[in-house]
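Asks: Predicted model and sequence follow; I will ask about them next.
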Amino acid sequence: MYTIAALYHFTRFADPAALKPALLQLCLDQGVTGTLLLAGEGINGTIAGPRAGIDAVLAHVRALPGCAGLEWKEATASHPPFARMKVRLKREIVTMGQPDVDPRARVGHYVEPHDWNDLIRSPDVAVIDTRNDYEVAIGTFEGAIDPETSSFRDFPAWWEANKERFHNKRVAMFCTGGIRCEKSTNFLLGQGVEDVYHLKGGILRYLEEIPAEDSSWQGECFVFDNRVSVGHGLREGPHDLCHGCRRPILPADKLRPEYEAGVSCHQCIDETSAEDKARFRERQKQIALARSRGEAHLAGQN
């Protein structure tokens, strides 16, 4: 059994590059895989591995400057969710492209999962899903507004174009694990919105704590590992991944004529060129050859 830990923490790292070697080496030594992002504003990522390895990495992260208060969410998987370990240096740990946004200064009001339903059902509350369009497509909260953005960078422009819709409304926001809302609520506060709320721990904590019979969640939650989606109790969902576009698909979607394993699905068939598809087919061929030899091909996993 593999333990999965999703984490983020906003703090000030004076020299993120100096933190990378020891963190990466510890993960490799402990058999931990996944991705961790380091930036001047903090750390973000999801890792998986044996219980002792995850504990060792979390202890190391908590010892980094300003990270003593680190919080994380855990789940389990029967198969390795990631193929390798990556520690990457980034400009932002979640990219919004707004240099004045600083969650360390202030954020919206945190709302615990058990209080979320009452809040979002209030008539004076507008609920906004801050995730990407392909994530929203497989599940969201009842009544939530979908900005239909393909990346978090698009959110500020969407808000500017739609802000009049939210006049005299309280705004409640949510995302997968909470990190986007740290920035989006700070952004809205900076735009003059007075009453801003966000779901503490994100959708994942809500699905973990709220029983299905009491839930306002509809569908599945997309996750960025080999599970692809999860439902209530963080049980693994029915989705697979199209390795042509990295969007979630259902088993029935594989029966559609547009689907070709590793190459395309009904969502991306018209988005890639013939040259792209030829390259994807070659990649898929190499994956199949590796599997026939009993090897893991990195391109076939997250």
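Replies: That came through, no problem. Numbering: from 1, shown residues only.
Asks: only C-alpha atoms for contact and neighbour calcs from this point on.
Replies: Will do.
Asks: Hmm, residue 86 and residue 20 touching each other?
Replies: No. Contact between residue 20 and residue 86 fails when scored by Cα atoms under 8 Å: they sit 9.9 Å apart.
Asks: Surely residue 15 is in contact with residue 38?
Replies: No. Taking contacts as Cα under 8 Å, residue 15 lies outside contact range of residue 38: 9.6 Å.
Asks: of these two, who's got more company?
Replies: residue 38 (23 against 11; other Cα atoms under 10 Å).
Asks: how near is residue 72 to residue 201?
Replies: Distance, residue 72 to residue 201, using Cα to Cα, to the nearest Å: 8 Å.
Asks: And these two? Which one has more around it.
Replies: Taking other Cα under 10 Å, residue 72 and residue 201 do not tie; residue 201 has more neighbours (23 against 17).
Asks: The more buried one and residue 7: what is the separation?
Replies: Distance from residue 201 to residue 7, by Cα to Cα: 10 Å.
Asks: Which neighbours do the two have in common?
Replies: residue 73 (Cα atoms under 8 Å, 6 or more residues apart in numbering).
Asks: Could you list the buried residues of the helix or strand hosting residue 290?
Replies: If you go by DSSP states H and E, residue 290 is part of helix 274-292. Applying a neighbour-count criterion of 16 or more other Cα atoms under 10 Å, one finds 277, 280, 281, 283, 284, 287, 288 buried in helix 274-292.
Asks: need the contact list for the second one.
Replies: This points to residue 280. Residue 280 touches 244, 262, 263, counting by Cα under 8 Å, 6+ apart.
Asks: from those residues, which would you call buried?
Replies: By neighbour count, with 16+ other Cα under 10 Å, the contacts of residue 280 hold 244, 262, 263 as buried.
Asks: For the stretch 1-150 of the chain, just list every one of the helices.
Replies: Taking DSSP state H, counting those that start in this stretch to define them, one finds helices in the stretch 1-150 of the chain at 16-29, 51-62, 113-120, 133-136.
Asks: So which of these is the most surrounded?
Replies: Ranked by mean neighbour count under mean count of other Cα atoms under 10 Å, the helices of the stretch 1-150 of the chain are led by helix 133-136, which reaches a mean of 19.
Asks: which residues make contact with that helix from outside it?
Replies: Helix 133-136 has contacts (Cα under 8 Å, 6+ apart) with 129, 146, 147, 148, 149, 150, 221, 222, 247, 248.
Asks: same thing but 6 Å
Replies: In this structure, residues lying in contact with helix 133-136 by Cα atoms under 6 Å, 6 or more residues apart in numbering are 148, 149, 150, 222.
Asks: how about the CA coordinates for stretch 253-263, as PDB?
Replies: Output of stretch 253-263 as PDB, limited to C-alpha atoms (Å, rounded to 0.1, in the frame of the first residue of the first chain):
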ATOM      1  CA  ASP A 253     -15.300   7.100 -24.100                       C
ATOM      2  CA  LYS A 254     -12.800   4.400 -25.100                       C
ATOM      3  CA  LEU A 255     -15.500   2.900 -27.300                       C
ATOM      4  CA  ARG A 256     -15.900   6.000 -29.300                       C
ATOM      5  CA  PRO A 257     -14.400   6.200 -32.800                       C
ATOM      6  CA  GLU A 258     -12.200   9.200 -31.900                       C
ATOM      7  CA  TYR A 259     -10.400   7.200 -29.200                       C
ATOM      8  CA  GLU A 260      -6.900   5.700 -29.900                       C
ATOM      9  CA  ALA A 261      -4.900   4.700 -26.900                       C
ATOM     10  CA  GLY A 262      -2.200   7.100 -26.100                       C
ATOM     11  CA  VAL A 263      -3.100   9.200 -29.200                       C
END
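Asks: could you give the mean pLDDT of it?
Replies: Across stretch 253-263, the average pLDDT comes to 96.
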